[in-house]
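**Q** Have a look at this prediction, sequence included:
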Amino acid sequence: MPFGAEYRDDGTVRFRLWAPAARQVELCLAGSSNATDLSLERCDNGWFELVTNAAKLGAQYRFRIDGDQEVPDPASRFQPEDVHGASEVINPVTFNWKDDTCWKTLSLRKQWPDVFQRGEYLPLTVQGARADQIVAFIRKSDNASVLVAVPRLVASLLGDSNLPPIGSKVWEDTNILVPVCGSCETFRNAFTGEVIDLPKADAKIAVSELLSHFPAALCMLGESPVSARRQVHPRGR
């Protein structure tokens, strides 16, 4: 992990924060009277770094910028309260994830670090009645691609309905245009296990099918299909 709080095999934790305009960055551990002593060292290109054994698993922390402003970790792996509260040091391998979405995303990131850290960003065109209410893009590296689709403006999307943002009643005729080259390729949704086979030509994926069971999609291109495979077919032009 290039930034954030990384729990290491020797029991220490490495903290990194990118703050190019800051003169000083300190680590503030909750309940610690020595928070002001835990200064991060300035590194190249605006980074600050600290390796310490003072922070244990479960420790909550903030960063103090220039002796004044205290902020949570922008690269936090776990926020036990909310995005404005303190961050918490965890080991993502042993942590008891209650949100499978986070765990599955981090697992996929670990399997395909190049595409998540250095992959080219390709925004996708969306067409149809709800085109303005979903964000879709592809991250692409030399040997892998990941497709992401997430609803936006959900309150206006659902109105007074109690429905979750899934299925044809919500998404109607909305489609995502996915350019595909070469032979037939396969996306697998990491959240649901559903598989999408794309033909040789450019394809439209119906959002109502992509988000038929879960209100977000994180799909890897080219992974082997899961054994109990549920097919989702793209709609033709």
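**A** Looks like it came in fine.

**Q** tell me the secondary structure for the most centrally placed residue in the chain?
**A** When the chain is reduced to its mean C-alpha position, the nearest residue by Cα atoms, centre = their mean turns out to be Thr105, at 6.0 Å. Per DSSP: H, G, I helix; E, B strand; the rest coil, the local secondary structure of Thr105 is helix.

**Q** so the residue lying closest to it once chain neighbours are set aside, which of the three states?
**A** Leaving aside its sequence neighbours, Thr105 sits nearest to Leu218 (Cβ to Cβ, 6 or more residues apart in numbering; 6.1 Å). Quick note: C-beta positions are derived from backbone N, CA and C, even for glycine. What three-state DSSP gives for Leu218 is strand.

**Q** picking that back up, what confidence value was assigned to the residue nearest to the centre of the chain?
**A** Thr105 is assigned 80 on the pLDDT scale.

**Q** Kindly report the same for Tyr61.
**A** 93.

**Q** Direction included, what does the host helix or strand of it pair against?
**A** Here Tyr61 sits within strand 60-65, counting by DSSP states H and E. Counting by DSSP bridges, the strands paired with strand 60-65 are strand 25-29 (antiparallel), strand 69-71 (antiparallel), strand 87-88 (antiparallel).

**Q** can I get those strands in TSV with mean neighbour count, distance to Thr192 and mean pLDDT?
**A** Below are the strands paired with strand 60-65 laid out as TSV (neighbours: other Cβ atoms under 10 Å; distance: least, Cβ to Cβ, whole Å; pLDDT from 0 to 100):
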stretch	mean neighbour count	distance to Thr192	mean pLDDT
strand 25-29	21	38	93
strand 69-71	13	35	91
strand 87-88	24	28	92
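
**Q** Save those as JSON lines, and put in distance to Ser145 too.
**A** Listed next are the strands paired with strand 60-65 as JSON lines, based on distance: least, Cβ to Cβ, whole Å:
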{"stretch": "strand 25-29", "distance to Ser145": "36"}
{"stretch": "strand 69-71", "distance to Ser145": "34"}
{"stretch": "strand 87-88", "distance to Ser145": "31"}
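
**Q** Which one of these lies nearest to Gln111?
**A** Counting by Cβ to Cβ, Gln111 lies closest to strand 87-88 out of those; the figure is 24.2 Å.

**Q** Could you give the separation of that closest one from the chain centroid?
**A** Relative to its parent chain, strand 87-88 has a centroid offset of 17 Å by Cα atoms, centre = their mean, to the nearest Å.
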